[in-house]
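1. With the sequence up front, the predicted model follows.
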Amino acid sequence: MDIFVAKRLLGQALIGGLLMALVGFGLFACGPVVQPTAIDPSPTAAVLAATDTPAPQPKPTPTSITPLAILLAPSGAEPALVEALLPALEARASQAGMRLESRQALSPGELLPEVRLVVSLPPAANLAELAAAAPQTQFIALSSSGLQAAENLSVIQLPGNDVEQSAFIAGYLAGALAEDWRIGLLLAQGDPQSAALRTAYDNGLAFLCGLCLPVYPPFPLSGYPIVIELADPADQGAWEVAIGELRTWDVQVVYVAASAASPALYQALAQADFQMIGIGAPPQGVQAHWVASLGGQDVIPILDQAWDTATNGQPGRSYQAGLALTHINPELLSPGRQQWVEQMLADLAAGYIDIGAATGAQP
């Protein structure tokens, strides 16, 4: 009984477990089918999925303004001076990180903050006004009118208006070259400076040789120099008369005042075989007869000093450009005589010599 009952209970338990397994499998098989979700493998999709904030865009930056230097060269400026200064200023401006512009006029309203430096040539008339209107801008003025330096204004005084000193040195130089002191002077009639020029030229010769009496004839009653005033410096007939008189007195070296000078007159003097001293560069075709020119010394080294002062934030100051020999012909003026004359120029600039032109007295 016990064995039979046990077998029957075991069989029932196995049958029940099998039925429950079948029911569970059926329920699983009849449930809904779940599809897998597709995944975008690209990095961009992953970034966009991670955040909704757009990537930051670069902000625009203002364009930098190059500092500006200006060469103020009015319509009356000396062309040779403009031509000499432009390359030097361009090099200086480039080294300082500036660009250079050349203008004939400048008003206070044009002095924008980027204008760092203005170099002005004569005859600029409004430099003091411009400097006062733009204290942030430095000014360097080449002047022959007595302009005064200011906090942002440096002044290079030129000797170009001192025609009396030029005539004094010309008389001294001509006398050192001519045999028996036979020198001449050509002036323009009606020039208000003629009297002072004549006295200064005469005093330059007297400073060299005293009475300057010739040893050999001819012997002009007035002595040397032979001075001729041209009624019309543009009249070729007047040149021919003057050249004839200079030849009569055996003149060898002639100084031509600026008021009487012209390329054509220089050509006529060269053809007549005179040696010449003048103002400025000699015209083409006369170089073989040109001893030297009288004018201002090379201002570029002085301009370099003034530039350094201005760009280093130092207050403006005054500089002096002295008289100098330029366009020297070494075939006519030896190194020894040149050194002799240059020492005279140094003494003149230092105030050691009174040329006596204003009073008519001899030095």
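-> Ah, there it is. Numbers count the residues shown, from 1 in each chain.

2. helix or strand for the residue positioned nearest the centre of the chain, which one?
-> For the chain, the residue sitting closest to the mean C-alpha position, by Cα atoms, centre = their mean, is Leu89 at 3.3 Å. Leu89 is part of helix 79-95, with elements assigned from DSSP states H and E.

3. following that helix, which helix or strand shows up next?
-> Next along from helix 79-95, by DSSP H and E: strand 99-103.

4. packing partners for that following strand?
-> strand 68-72, helix 79-95 (3 or more Cβ pairs under 8 Å, 6 or more residues apart in numbering; DSSP states H and E). (C-beta placed from N, C-alpha, C; glycine too.)

5. between those, which one is nearest to Leu127?
-> For the helices and strands packed on strand 99-103, the distance to Leu127 is smallest for strand 68-72, at 8.3 Å, taking Cβ to Cβ.

6. Give me the angle between that closest one and strand 99-103.
-> If you take axes from the mean of the first three to the mean of the last three Cα atoms, to 10 degrees, strand 68-72 sits at 30 degrees to strand 99-103.

7. Please identify the pairing partners of strand 68-72 and their relative orientation?
-> The pairing partners recorded for strand 68-72 under DSSP bridges are strand 99-103 (parallel), strand 115-120 (parallel).

8. Would you mind finding the most buried of these?
-> Neighbour counts (mean count of other Cβ atoms under 10 Å) averaged over each of the strands paired with strand 68-72 peak at strand 115-120, with a mean of 23.

9. And the average pLDDT for whatever helix or strand comes next after that one is what?
-> Using DSSP H and E, the helix or strand that follows strand 115-120 towards the C-terminus is helix 127-133. Throughout helix 127-133, pLDDT has a mean value of 91.

10. by how many degrees do the helix holding Leu89 and strand 99-103 diverge?
-> 160 degrees.

11. Tell me the helices and strands packed up against helix 79-95.
-> strand 68-72, strand 99-103, helix 300-311.

12. Sort out which residues of it are buried, please.
-> Leu81, Leu85, Ala88, Leu89, Glu90, Arg92, Ala93 (16 or more other Cβ atoms under 10 Å).

13. got the angle for that helix vs helix 300-311?
-> Angle of helix 79-95 versus helix 300-311, following the same axes, to 10 degrees, is 40 degrees.

14. How far does helix 79-95 sit from its chain's centre?
-> Mean-position distance between helix 79-95 and its chain equals 4 Å (Cα atoms, centre = their mean, to the nearest Å).

15. And this structure, what are its domain boundaries?
-> Following automatic domain parsing, one gets these domains for the chain: 68-157, 163-296+333-349.

16. can you put the ones you listed in TSV and add distance to Ser318?
-> Shown next, in TSV, are the domains of the chain (distance: least, Cβ to Cβ, whole Å):
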stretch	distance to Ser318
domain 68-157	5
domain 163-296+333-349	14
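
17. Which one of the ones you listed lies nearest to Leu303?
-> Among these, the nearest to Leu303 by Cβ to Cβ is domain 68-157 (6.8 Å).

18. mind checking the end-to-end distance for that closest one?
-> This stretch, domain 68-157, spans 25 Å end to end (Cα to Cα, to the nearest Å).

19. Same question for stretch 239-255.
-> Stretch 239-255: ends 14 Å apart by Cα to Cα.

20. Just the buried positions in that stretch, please.
-> Trp239, Ala242, Ile243, Leu246, Trp249, Asp250, Val251, Gln252, Val253, Val254, Tyr255.

21. where does that stretch sit relative to the chain's centre, distance-wise?
-> With Cα atoms, centre = their mean as the basis, stretch 239-255 stands 41 Å off its chain's centre.

22. can you check stretch 211-222 too?
-> Remark: stretch 211-222 is offset 49 Å from the chain centroid, using Cα atoms, centre = their mean.

23. which one of the helices and strands packed on helix 79-95 lies closest to Leu186?
-> Closest among the helices and strands packed on helix 79-95, using Cβ to Cβ: helix 300-311, at 31.5 Å.

24. for the closest one, packing partners?
-> If you count contacts as 3+ Cβ pairs under 8 Å, 6+ apart, helix 300-311 packs onto helix 79-95, strand 115-120, strand 138-143, strand 153-157, strand 318-320.

25. got the angle for it vs strand 153-157?
-> Per the same axes, to 10 degrees, the angle that helix 300-311 makes with strand 153-157 is 170 degrees.

26. hmm, back to that, just put the helices and strands packed on strand 99-103 in CSV and tack on distance to Leu213 and mean pLDDT.
-> Formatted as CSV, these follow (distance: least, Cβ to Cβ, whole Å; pLDDT from 0 to 100):
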stretch, distance to Leu213, mean pLDDT
strand 68-72, 52, 95
helix 79-95, 40, 88
